[in-house]
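Enquirer: 3D, please:
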Amino acid sequence: MTIDYQRPLAAPERIVTSNDGTRLSTVSMGSGTPVVLAHGFGLDMHCWNVIADDLVSKGFKVIAFDQRGHGRTDVGSEGVGSRQMVDDYLAVLRAYDVSGGILVGHSMGGFLAIRALIERPTEMARHLRGCVLMATFAGDVNRKNLQNRIQIPMIQSGIMSKLIRSDATAAFFAKSVMGDEKHPAMMNAFTASFRKSNLKQLVPILTAFVKEDRYDQLGNVSMPCRIVVGEKDKTTPPFHTDWLHEGIKGSTLKRIPKMGHMLNWESPEILVGEITALAR
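Expert: Below is the predicted model:
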């Protein structure tokens, strides 16, 4: 079966307003236990297209949103930053009156979820029963990572925005986030999303990835967490998830052989399985 990885989520848009006036583009599908999907850097909510229908068919209510500065969501009066984006998570949870839900955070989405779980535990627990942390980190992303040390400054300087217009450069960049199987349709979908992003306005959150470090605060996370990583993930190498697993009491860790950073497309069935297990 041919999968269209660029297919948008088939649900009407709902605008949710965050604390500083940011207009968050959101959608919801289905009914049942809420699953809130928080995408990664340079992507948008439609990257969840493969797993959304599967979750709905299994009796979940899917809630997805464009992170601040991504897709159809603006940056509000306070701009992009991890504190402001945590506020956005809570705005979405409140607007949809989420109770007993599951939060799934991919890469940047997980980084922000971790800050929320550490600094806003009571508010998060009011809405959620657990969190899936996928291909993510608690900061300090340049440690032991040559790829990030090269790519992040290229994005920050504006060079990447120019280079990614070239199909050859775009393909090289897309390959860097994939595991052993470099599926052309997945690579094209990743490239299309990244090319649409205003990378300049997202520089502050990239800087936060490098300068913020919450590994020594992970013991303060009390919510049940399931951690998932591809063994071939070069963007967030597996040692990050090892540290998350060691720091978050009672967490589980699943390593997926041959897979890279884009588990939402590369290994959707395992991700859905982790969400289902946590919901139980």
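Enquirer: what residues does the host helix or strand of Ile275 touch?
Expert: Applying DSSP states H and E as the criterion places Ile275 in helix 268-279. Contact with helix 268-279 is made by 33, 35, 50-51, 54-55, 58, 60, 102, 104, 129-132, 134, 224, 226, 228, 254, 256, 263-264, as judged by Cβ atoms under 8 Å, 6 or more residues apart in numbering. Where C-beta positions appear, they are placed from N, C-alpha and C, glycine not excepted.
Enquirer: for the host helix or strand of Asn148, packing partners?
Expert: For Asn148, the host element (DSSP H and E) is helix 146-157. Secondary-structure packing of helix 146-157 (3 or more Cβ pairs under 8 Å, 6 or more residues apart in numbering; DSSP states H and E): helix 159-163, helix 203-211.
Enquirer: If you average the pLDDT over it, what comes out?
Expert: Taken as a whole, helix 146-157 has a mean pLDDT of 91.
Enquirer: Show me which positions of that helix end up buried.
Expert: For helix 146-157, the neighbour count (16 or more other Cβ atoms under 10 Å) marks 148, 151-152, 154-156 as buried.
Enquirer: Stretch 210-219 now?
Expert: Applying 16+ other Cβ under 10 Å to stretch 210-219 flags 210, 212, 214-215, 217-218 as buried.
Enquirer: List just the nearest of those residues to Lys175.
Expert: Val210 (22.9 Å; Cβ to Cβ).
Enquirer: and the closest one, what does it touch?
Expert: Residues near Val210 by Cβ under 8 Å, 6+ apart: 139-142, 148, 152.
Enquirer: circling back: so which of the contacts of helix 268-279 belong to helices?
Expert: The helices, defined by DSSP state H, take in 50-51, 54-55, 263-264 from those.
Enquirer: For Ser251, give its distance to Met108.
Expert: Distance from Ser251 to Met108, counting by Cβ to Cβ, to the nearest Å: 19 Å.
Enquirer: between these two, which one's more packed in?
Expert: More neighbours surround Met108 than the other of Ser251 and Met108, with 26 against 19 (other Cβ atoms under 10 Å).
Enquirer: Surely the more buried one touches Phe41?
Expert: Yes - with contact defined as Cβ atoms under 8 Å, Met108 counts as touching Phe41 (4.2 Å).
Enquirer: ranges for the helices of the stretch 1-150 of the chain?
Expert: Secondary structure of the stretch 1-150 of the chain (DSSP state H, counting those that start in this stretch): helices at 49-57, 82-95, 108-119, 121-127, 146-157.
Enquirer: packing partners for the longest one?
Expert: Using 3+ Cβ pairs under 8 Å, 6+ apart as the contact criterion, the neighbours of helix 82-95 among helices and strands are strand 14-17, strand 23-29, strand 33-38, strand 60-65, helix 108-119, helix 121-127, helix 203-211.
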